[in-house]
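Predicted structure and sequence below. I'll ask about it afterward.
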Amino acid sequence: MEDWALIRSLSRNDGLSQRAIARRLGVDRATVARALSSDEPPRYERPPVAVSAWLDVESAVRGLLAEFPDMPATVIGQRVGWTGAASWLRENVARVRPEYRRVDPADRLVHLPGEQVQCDLWFPPADIPVGWGLTARLPVLVMVAAFSRFIAAVMIPSRVTGDLLAGMWRLLAGQFRAVPKRLLWDNEAGIGRAGRLAEGVAGWLGTVGTRLVQAKPFDPETKGIVERANGYLETSFLPGRSFASPADFNTQLAGWLDETANRRLVRDTGRRPADAVDEDRRAMGLLAPVTPVCWPVWQTRLARDYYVRVASNDYSVDPAMIDRIVTVHTSLDMVEVDCHGVLAARHDRCWARRQTITDPAHVAQAAVLRSAFHQPKPALPADDGLGRDLACYDQAFGVDVADLESLLLVEAA
């Protein structure tokens, strides 16, 4: 293009002949003649291909996409015997695939005050010390009010049903201070799957006074509000922090939610969650007057080793209760054992796994009982003449021994 412009400039402005231009530029005279006769700069044009390799397989590819819209392009190439460039096949498959793929539109949802709280588990990539020199990556229960975007969250020991229910009640009672019309969950195993609630969930919902809705599988938009909150926690709360224990994590998290997360301006609503949550609370129901049962209360006969197992950990019990039926009560923070209303053990809940938690008082009591068991038995007291004559029982019941003996002789004869 530069030669074309220079040739035309030398001819028009300097008045040079074609021979002089060719000699100055070192090009052929025919090149100079073509440049002067052309009104447009030269450009490269690829000659059209008479038969395209894509046209040869397009009908077969469309047949596969009509039956399998999500089939990968590499598999399609194998099925139709493609021998050309893989990038050319991928480009053409991507162009025609939308014609066969089913569309799943996502509607804009309108959330009313007090109507819904979305729930989910966030698994922060942080190793939390849980005692005994161990660390664990523990789940965080996140609940977000759909109307006000108010976020409440707490770290819990596990994702089993009891801990999920206890965590939800702690957030409803402590953060929301009210009960929404419904709770939205995905298909979390501890809550329920395939439209069926896990054991204990229905009773908890009845006590709290709400209902639970499970999102359809592979439909993350249904609870997109809490999903975005999980990402917000991971990118804005977690970086640069260290934690000494689960309690320290929850303390830092509660302070950050109160001072930062719930005081930010939400673009979708144009309000701050801390200001809008009061409208949510006024539309919600009152808290239940009693604490709902989260962990099932269960009973067992205390074995000789005087330990009970809760969530893979063993907790010591007063050995005086051996061979008796004891009742085990579990919460997020405590494990208590009683026997007919008498407290037999109380331990802080262990968040590690496969540990043994022992009260030294129980070990001392076991040593006393063991020593007493191995002491020789006391001798029986000598006969002091206070034994009762068995004939007095015959007299008390009106039995005549002589008549009884004669009756037995007659039956024998």
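Structure received.

Tell me the secondary structure of residue 289, please.
coil (DSSP: H, G, I helix; E, B strand; the rest coil).

Mind pulling up the pLDDT for it?
pLDDT for residue 289: 92.

Please enumerate the helices of this protein.
2-12, 18-25, 29-37, 53-67, 73-80, 86-96, 161-171, 201-208, 224-232, 246-259, 273-283, 360-373, 391-396, 401-412 (DSSP state H).

any idea which of the ones you listed is most buried?
The highest mean neighbour count among the helices of the chain, using mean count of other CB atoms under 10 Å, belongs to helix 161-171: a mean of 23. Backbone N, C-alpha and C define where each C-beta goes, glycine included.

now the angle between helix 246-259 and it, please.
Orientation of helix 161-171 against helix 246-259 (axes from the mean of the first three to the mean of the last three CA atoms, to 10 degrees) gives an angle of 40 degrees.

re the thing from before, which one of the helices of the chain lies nearest to residue 292?
Set against residue 292 and scored by CB to CB, these come closest in helix 201-208, at 3.8 Å.

Other residues contacting that closest one?
161, 165, 169, 172, 179, 191-192, 197, 211-212, 288, 290, 292-294 (CB atoms under 8 Å, 6 or more residues apart in numbering).

Would you format the helices of the chain as TSV with distance to residue 352 included?
As requested, the helices of the chain are arranged in TSV below (distance: least, CB to CB, whole Å):
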stretch	distance to residue 352
helix 2-12	76
helix 18-25	84
helix 29-37	84
helix 53-67	52
helix 73-80	46
helix 86-96	49
helix 161-171	14
helix 201-208	26
helix 224-232	25
helix 246-259	10
helix 273-283	34
helix 360-373	20
helix 391-396	64
helix 401-412	73
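
Out of those, point me to the one whose mean pLDDT is lowest.
helix 401-412 (a mean of 63).

returning to what we had before: what about burial for the contacts of helix 201-208, which qualify?
Using 16 or more other CB atoms under 10 Å as the burial test, the contacts of helix 201-208 include 161, 165, 169, 172, 179, 191-192, 197, 212, 288, 292-294 as buried.

From those residues, pick the one nearest residue 63.
Nearest member of the buried ones among the contacts of helix 201-208 to residue 63, counting by CB to CB, is residue 192, at 41.3 Å.

quick check, nearest of the contacts of helix 201-208 to residue 57?
Residue 57 lies nearest to residue 192 out of these, by CB to CB, at 47.2 Å.

any idea how far the residue lying closest to that closest one once chain neighbours are set aside is from residue 212?
Sequence neighbours aside, residue 198 is the residue nearest to residue 192 in space, at 4.8 Å (criterion: CB to CB, 6 or more residues apart in numbering). Counting by CB to CB, to the nearest Å, the gap from residue 198 to residue 212 is 10 Å.

between these two, what contacts are shared?
Common neighbours of residue 198 and residue 212, using CB under 8 Å, 6+ apart, are 191, 192.

CSV for the buried ones among the contacts of helix 201-208, including distance to residue 203?
As requested, the buried ones among the contacts of helix 201-208 are exported to CSV (distance: CB to CB, whole Å):
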residue, distance to residue 203
161, 11
165, 9
169, 13
172, 16
179, 15
191, 13
192, 13
197, 10
212, 12
288, 12
292, 8
293, 7
294, 10
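
Next, give me the two most distant ones among those residues.
Of all pairs in the buried ones among the contacts of helix 201-208, the most separated under CB to CB is 192 and 288 at 20.6 Å.

Tell me what residue 134 is bridged to.
residue 131 (DSSP bridges).

can I assume it is in contact with residue 352?
Yes - with contact defined as CB atoms under 8 Å, residue 134 and residue 352 form a contacting pair (4.9 Å).

ok, these two, which is more surrounded?
residue 352 (17 against 14; other CB atoms under 10 Å).

And the pLDDT at the more buried one?
93.

need the contact list for it.
130, 131, 132, 134, 136, 313.

Find the residue closest to it in space, skipping its chain neighbours.
Distance criterion CB to CB, 6+ apart; nearest residue to residue 352, sequence neighbours excluded, is residue 130 at 4.4 Å.

show me the contacts for the one you found.
Contacts for residue 130 (CB under 8 Å, 6+ apart) come out as 136, 138, 245, 246, 350, 351, 352.

Just the buried ones out of the residues you listed, please.
136, 138, 246, 350, 351, 352.

Just give me the closest of those residues to residue 108.
The shortest gap between residue 108 and any of the buried ones among the contacts of residue 130 belongs to residue 138, at 35.1 Å (CB to CB).

mind listing what that closest one touches?
Taking CB under 8 Å, 6+ apart, one finds 128, 130, 155, 156, 157, 158, 246, 351 in contact with residue 138.

Hmm, the fourth one is touching residue 163, no?
Yes - using CB under 8 Å, residue 156 is in contact with residue 163, at 4.6 Å.

what sits in contact with each of these two?
Contacts common to residue 156 and residue 163, judged by CB under 8 Å, 6+ apart, are residue 332.

just to revisit the earlier point, now, the contacts of residue 138 that are in strands?
Counting by DSSP state E, these place 128, 130, 155 in strands.

Please produce TSV containing the residues you listed, extended by pLDDT and distance to residue 143.
Below are these laid out as TSV (pLDDT from 0 to 100; distance: CB to CB, whole Å):
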residue	pLDDT	distance to residue 143
128	96	20
130	94	23
155	97	13
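
Distance to residue 303 added to those residues, as a markdown table?
Below are the ones in strands among the contacts of residue 138 laid out as a markdown table (distance: CB to CB, whole Å):
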| residue | distance to residue 303 |
| --- | --- |
| 128 | 32 |
| 130 | 27 |
| 155 | 33 |
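
And the helices of the chain: which comes nearest residue 183?
helix 161-171 (7.2 Å).

Run through who's touching that closest one.
119, 141, 143, 152-154, 156-157, 183, 188, 190-191, 198-201, 204, 208, 291-292, 294-296, 330-332.

now the angle from that helix to helix 201-208?
Going by the same axes, to 10 degrees, helix 161-171 makes 20 degrees with helix 201-208.

starting at the chain centroid, how far to helix 161-171?
Relative to its parent chain, helix 161-171 has a centroid offset of 13 Å by CA atoms, centre = their mean, to the nearest Å.

Render the CA-only coordinates of it in PDB, please.
Presented in PDB, the C-alpha positions along helix 161-171 are these (Å, rounded to 0.1, in the frame of the first residue of the first chain):
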ATOM      1  CA  THR A 161     -29.100 -32.200  60.700                       C
ATOM      2  CA  GLY A 162     -28.800 -31.300  64.400                       C
ATOM      3  CA  ASP A 163     -26.100 -28.700  63.900                       C
ATOM      4  CA  LEU A 164     -28.000 -27.200  60.900                       C
ATOM      5  CA  LEU A 165     -31.200 -26.800  62.900                       C
ATOM      6  CA  ALA A 166     -29.400 -25.500  66.000                       C
ATOM      7  CA  GLY A 167     -27.500 -23.000  63.800                       C
ATOM      8  CA  MET A 168     -30.700 -21.700  62.100                       C
ATOM      9  CA  TRP A 169     -32.400 -21.200  65.500                       C
ATOM     10  CA  ARG A 170     -29.400 -19.300  66.800                       C
ATOM     11  CA  LEU A 171     -29.400 -16.900  63.900                       C
END
